[in-house]
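Participant: Build the 3D model from these lines:
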Amino acid sequence: MGTDGTLFFALGRIVKTHGIRGEVQVYSYSDVEYFFDYKDIFLQGKFGDKVPQRVVKARVKKGQSVILALEGVVDTTQAGSLVGKEIFLDRAKLSPLVEGEYYWHEIEGLSVVSAGGEELGILSDVLTTGAHDVYVVKGDRGEILVPAVEQMVKIDLEKGVMIVDFPPGLIEANVL
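Facilitator: Sure, this is the predicted structure:
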């Protein structure tokens, strides 16, 4: 939370410089699309504060990596001073979603239970695949991969729980 009450969530971390024109490579904690949809971001400041910054250009490098050109950062020295800093977004600036859709930061950490009431663990990650997202649930059985499909998953943010209705045998087939 910012000193003015602003709520932030972490988008990623600057992991290295890219090229000689001041670009940085970012490991995205969530959907790389945030970097294309939102130009006004915040960088981790020296004392944990959030420093406003503007994205001039963004492109996907591969997987969860994004190359960013930031306003006012024009050379490798300036870019190098940003390595290791986290990047944040103001939650209030997020576009509203349609019913049944959630931002990753809203659902990570939810308790996950089966439709029969068995505690399966905590939603620890969301993987993006071609067909649909996959939820990674960490619990006593290890990691369980849950297809993020409406027929199988019900989310109750108020109760902080995700209820998963697995077909018989799917839990065992998806434990890592």
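
Participant: Start and end of stretch 134-148, how far apart?
Facilitator: From its first residue to its last, stretch 134-148 covers 5 Å (Cα to Cα, to the nearest Å).

Participant: how far is that stretch from where the chain is centred?
Facilitator: 17 Å (Cα atoms, centre = their mean, to the nearest Å).

Participant: With stretch 145-152 instead?
Facilitator: Taking the mean of its C-alpha atoms, stretch 145-152 sits 18 Å from the chain's own mean (Cα atoms, centre = their mean).

Participant: mind checking how far the residue nearest in space to the middle of the chain is from residue 22?
Facilitator: With distances taken as Cα atoms, centre = their mean, residue 30 lies nearest the centre of the chain, 2.3 Å away. Noted for residue 30: a distance of 24 Å to residue 22, by Cβ to Cβ, to the nearest Å. Every residue, glycine included, has its C-beta placed from N, CA and C.

Participant: again, but for residue 105
Facilitator: For residue 105, the distance to residue 22 - Cβ to Cβ - is 28 Å.

Participant: same question, residue 49
Facilitator: 22 Å.

Participant: three-state assignment of the residue nearest to the centre of the chain?
Facilitator: Following DSSP: H, G, I helix; E, B strand; the rest coil, residue 30 is assigned to coil.

Participant: Mark out where each domain of this protein begins and ends.
Facilitator: 8-92, 104-173 (automatic domain parsing).

Participant: Show me where this protein has its strands.
Facilitator: Secondary structure of the chain by DSSP state E: the strands cover 8-18, 23-28, 40-44, 50-62, 65-70, 86-90, 111-114, 119-127, 134-139, 142-147, 153-156, 161-164.

Participant: what does the first one rub up against?
Facilitator: Which is strand 8-18. For strand 8-18, the external contacting residues (Cβ atoms under 8 Å, 6 or more residues apart in numbering) are 1-2, 23-30, 34-35, 41-42, 50, 61, 64-67, 76, 79-80, 82-91, 105.
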